[in-house]
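>>> Here is the input, now give the coordinates:
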Amino acid sequence: MSRIGKQPVLIPDGVTVEVSGQTVAVKGAKGEVSYTAPTCVAVVVEDNNIVVSRTDQSKFGKAMYGTVRSLVSNMIVGVSKGYKKELLIDGVGYKATMKGANQIILSLGYSHEIDYSIPEGIKVEVNGQGTGLSVEGIDKQLVGQVAARIRDYSPVEPYKGKGVRYSDEQVRRKEGKAVA
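Prediction:
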């Protein structure tokens with residue numbers, strides 16, 4: 001039995017949760033999100049708490065029990081506080097610039113610039129002189145996916161430390177060839 005699934009999710013002030021059938025809709029100060037839970041899990045609002053329970057004892061139901069509770073909890077945090085990922089760009093000539101409101105141009109040492117279209121619901125800001133990015137949104141999965149996709153264009157290499165990395169990421173540096 002899932003220990004995470006047993007815990008009720010507290011609904012903070014300023015957040016409204018509506019459950020209709022298997023669909024959970026959460027509204028807050030930052031926006032609104034909805035999720036459709038599988039039929040093997042029941043979601044109920046009781047006394048300012050959200051309680052998740054299993055409707056059957058199948059293997060899939062056991063797996064989704066804690067997952068649904070975590071997804072609902074992430075939705076509540078997203079609409080009340082939001083999620084944010086910080087990226088740092090290191091390297092000579094490596095930078096990012098905004099083109100309009102929903103496109104970012106990355107110069108990452110290739111012969112061409114990379115145009116990345118920002119998905120709807122995500123806000124990207126370029127900090128400093130193009131060496132920092134902050135990715136913000138209410139959907140935890142989408143914020144992480146956008147940050148990971150930007151990072152994958154040029155992951156940090158271990159010799160000079162050039163590339164895109166998360167602000168809290170530790171890069172293990174390697175020594176170059178030793179000249180005798």
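>>> Residue 41 and residue 48, how far apart?
Distance of residue 41 to residue 48, computed by C-beta to C-beta, to the nearest Å: 20 Å. For every residue, glycine as well, the C-beta is placed using N, CA and C.
>>> okay, those two: which has more neighbours?
Taking neighbours as other C-beta atoms under 10 Å, residue 41 and residue 48 compare with residue 41 leading, 23 against 12.
>>> Check whether that one really touches residue 54, as I assumed.
Yes - if you go by C-beta atoms under 8 Å, residue 41 and residue 54 touch, sitting 6.1 Å apart.
>>> which residues do the two both contact?
61, 65 (C-beta atoms under 8 Å, 6 or more residues apart in numbering).
>>> Can you tell me the SS state at residue 74?
Three-state call for residue 74 (DSSP: H, G, I helix; E, B strand; the rest coil): helix.
>>> quick one, what contacts it?
140-141.
>>> if you set the cut-off to 6 Å instead, what comes out?
residue 140 (C-beta atoms under 6 Å, 6 or more residues apart in numbering).
>>> So for it, what pLDDT did the model give?
Residue 74 carries a pLDDT value of 95.
>>> who's in contact with the lowest-mean-pLDDT helix or strand in the chain?
Least confident helix or strand of the chain, by mean pLDDT, DSSP states H and E, is helix 3-6 with a mean of 85. The contact list for helix 3-6 (C-beta under 6 Å, 6+ apart) reads 52, 65-66, 69.
>>> Find the pair from these with maximum spatial separation.
Of all pairs drawn from those, the one with the longest distance (C-beta to C-beta) is 52 and 66, at 8.3 Å.
>>> Give the residue from those two that has the larger number of neighbours.
More crowded of residue 52 and residue 66, by other C-beta under 10 Å: residue 52, with 27 against 18.
>>> Surely that one is in a strand?
Yes - according to three-state DSSP, residue 52 belongs to a strand.
>>> Which of the three states applies to the nearest residue to it once chain neighbours are set aside?
What sits nearest to residue 52 in space, not counting adjacent residues and going by C-beta to C-beta, 6 or more residues apart in numbering, is residue 69, at 4.3 Å. Following three-state DSSP, the label given to residue 69 is helix.
>>> Could you do residue 149 as well?
helix.
>>> That one and residue 60: what is the separation?
29 Å.
>>> Also residue 32?
28 Å.
>>> Quick one: the helices in the protein, in order.
3-6, 59-80, 140-152 (DSSP state H).
>>> so which of those helices gets nearest residue 93?
That would be helix 140-152 among the helices of the chain, by C-beta to C-beta, at 17.0 Å.
>>> which helices and strands does that closest one pack with?
On a contact count with 3 or more C-beta pairs under 6 Å, 6 or more residues apart in numbering; DSSP states H and E, helix 140-152 meets strand 83-90, strand 132-137.
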